[in-house]
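# Kindly return the folded structure for what I paste below:
(2 chains)
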Amino acid sequence: MTWTSIFIAGFITYFTRMGMVTLIDKDIFNENFRKILNYVPSVVFPSIIFPGVLLDDYGSLVAITDPKIYGALTAIIIGYFSRNVILTIISGLASYWFLIFIF
Amino acid sequence: MLSKFQIFKIGFFDVAPHLLSVIPFGIIFGAIGIELGFDPIMTYATSLIIFGGASQIVFLQLLSGGASSLIAITSVGVINSRHLLYGAVLSEYLNKLSTIKKIFISYFIVDQGFAVSNIYFKKNKEQNFNHYHLLGSGITLWLCWQISTIIGIYLGSIVPESLGLKFAIPLTFIAIIINELRKLDHLIVMIVSGLAATFFYNAPLKSYILISPLIGLFSAYLIIKFKK
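Predicted coordinates for the structure are as follows:
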């Protein structure tokens, strides 16, 4: 039963990837729809970032003193000015570890 | 004009920094699968067949917790529904490819690969063979995910939980969208989506991952209307 579930879940996931790429003709998108699609990264990724920073493993809000909040803020500031992906991730992790292990 | 291999390599190098979060996450996933009582082959099979990080964890957690297959499968579908949005964006750039190529390339569309390749596509609209960028980023992510899952299955316990490596996931997404912070309209949409995700996080089947982007897109629609 579990194997069947894995295959069905895999098929559905693959369909979510393939469906729009293969079945949709780009000409059906009007100008407004194209403009809205420009926002896709800006709506999907914050939906992963905010809960990852503001919520704990049980889905409750973390305290304002939580190291994750300061790690994320550090990453945003460093990333904003440096425009460097690696520096953004490392600065966030380093400040998070600093607060956990040293501070 | 760049060759196919050169574009493939650009895809690899563009996505490489994001491996900082993908590899630890893969190791954590492999370890969690074993910890939840699944055998190594089944745990690894989810990485090969589903190939969708967070959804795999939710899938195994639900099944091990006694949830029905229907609930577990539906959750995977809802969490991965964001790929529909990625596909809609990418379809514009992949439109000229044959159906067979589209079917093949679709398997490699994942968050980080979509993000870096979408940026590349926007900057290089006129270039041929752009889809090799998506292949370069996607195959790199796929390989690292498969290998790190296997490492996690056998050596998962070597990563101390106290390191909090799960936190690298939101950080890698911050790095992806950092340049959009400079645009006020995108900033507003990000805050709306992020707050909606936090608010709806405990909605059934992890449906927050579908609800919050839709709310964000609606706010984008209002902004576009307001601009006119």
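
# longest helix anywhere in chain A?
The single longest helix within chain A, with elements called by DSSP state H, is helix A:2-23.

# Please spell out which residues along it are buried.
Across helix A:2-23, burial judged by 16 or more other CB atoms under 10 Å in any protein chain shown covers A:2, A:5-6, A:8-10, A:12-22. For the C-beta atoms, the positions are set from N, CA and C on the backbone; glycine is no exception.

# by contact count, what packs against the helix or strand following that helix?
Proceeding C-terminally, helix A:2-23 gives way to helix A:31-37 as the next helix or strand, assigned by DSSP states H and E. If you count contacts as 3 or more CB pairs under 8 Å, 6 or more residues apart in numbering or on different chains; DSSP states H and E, helix A:31-37 packs onto helix B:82-94, helix B:208-227.

# Would you tell me whether the shortest one gets close to chain A?
Spelled out, that is helix B:82-94. Yes: using CB under 8 Å from any CB of the partner chain as the criterion, contacts between helix B:82-94 and chain A involve B:82, B:83, B:84, B:85, B:86, B:87, B:88, B:89, B:90, B:91, B:92, B:94.

# Which of those residues sits closest to chain A?
Checking the residues of helix B:82-94 next to chain A against chain A with CB to the nearest CB, the nearest one is residue B:87 at 2.8 Å.

# Tell me what angle the helix or strand where residue B:152 lies forms with helix B:82-94.
Assigning secondary structure by DSSP H and E places residue B:152 in helix B:131-155. The directions of helix B:131-155 and helix B:82-94 differ by 150 degrees, with axes from the mean of the first three to the mean of the last three CA atoms, to 10 degrees as the criterion.

# Compute the inter-axis angle for helix B:131-155 and helix A:2-23.
Computed by the same axes, to 10 degrees, the angle between helix B:131-155 and helix A:2-23 is 170 degrees.

# Low-confidence bits of chain A, can you list those?
Flagging of chain A using pLDDT under 70 yields the residue ranges A:26-28.

# okay, now the domains of it?
Chain A breaks down into these domains under automatic domain parsing: A:1-27, A:39-102.

# want to throw those into TSV with distance to chain B?
TSV is the format used below for the domains of chain A (distance: least, CB to the nearest CB, whole Å):
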stretch	distance to chain B
domain A:1-27	3
domain A:39-102	3
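
# Just send those domains back as a markdown table, with distance to residue B:6 too.
As requested, the domains of chain A are arranged in a markdown table below (distance: least, CB to CB, whole Å):
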| stretch | distance to residue B:6 |
| --- | --- |
| domain A:1-27 | 24 |
| domain A:39-102 | 20 |
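
# Out of these, which gets nearest to residue B:133?
Taking CB to CB as the criterion, residue B:133 comes closest to domain A:1-27 out of these, the separation being 14.8 Å.
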